[in-house]
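**Student:** Model the following, please.
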Amino acid sequence: MIHYQLRCDQAHEFDGWYRDSAAFEKLVAAELVECPVCGSAKVNRALMAPAITKARPERAPAEAAGQAVATVPAGAPAG
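**Tutor:** Numbers count the residues shown, from 1 in each chain. Purely as a prediction, here's the structure:
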């Protein structure tokens, strides 16, 4: 499935889910994608923000190997 942010010729924005980009293009060419606000079939893909995932922090070698890692709470005396 592919998610597109769409915009009609009247500048209404909406989104839709399609099997793939070819399926979307076929539906648009047949004027089967319509704006839910005004009903216009003149629809194009709008610019979308990229999906950015939060980077996972590097794990300590002991933790990566499945060994227990002891932690000391902030402000606690070490030792």
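
**Student:** need the helices for this protein, in chain order.
**Tutor:** 21-29, 61-64 (DSSP state H).

**Student:** hey, least reliable of those helices by pLDDT?
**Tutor:** The weakest mean pLDDT among these belongs to helix 61-64, with a mean of 57.

**Student:** ok, the closest residue to Cys38 other than its chain neighbours to Lys42 distance?
**Tutor:** Of all residues beyond its chain neighbours, the one nearest Cys38 is Gln10 (5.1 Å), with distances taken as CB to CB, 6 or more residues apart in numbering. Quick note: C-beta positions are derived from backbone N, CA and C, even for glycine. Counting by CB to CB, to the nearest Å, the gap from Gln10 to Lys42 is 8 Å.

**Student:** So which of these two has more stuff around it?
**Tutor:** Lys42 (14 against 11; other CB atoms under 10 Å).

**Student:** and Cys35, what does it touch?
**Tutor:** Cys35 makes contacts with 6, 8, 10, 12, 14, 41, 43, as judged by CB atoms under 8 Å, 6 or more residues apart in numbering.

**Student:** so the first one makes contact with Glu13?
**Tutor:** By that I understand Leu6. Yes: counting by CB atoms under 8 Å, Leu6 does reach Glu13; the two are 6.9 Å apart.

**Student:** Strands of the protein, start to end?
**Tutor:** According to DSSP state E, the chain carries its strands in the segments 2-8, 13-18, 43-45.

**Student:** what's in contact with the shortest one?
**Tutor:** Residues from elsewhere that reach strand 43-45 (CB under 8 Å, 6+ apart): 4-9, 24, 28, 33-35.

**Student:** what's the burial count for Gly16?
**Tutor:** Gly16 has 15 neighbours, counted by other CB under 10 Å.

**Student:** Could you double-check that it lies in contact with Val33?
**Tutor:** Yes: counting by CB under 8 Å, Val33 is a contact partner of Gly16 at 6.8 Å.

**Student:** Perfect, that will be all.
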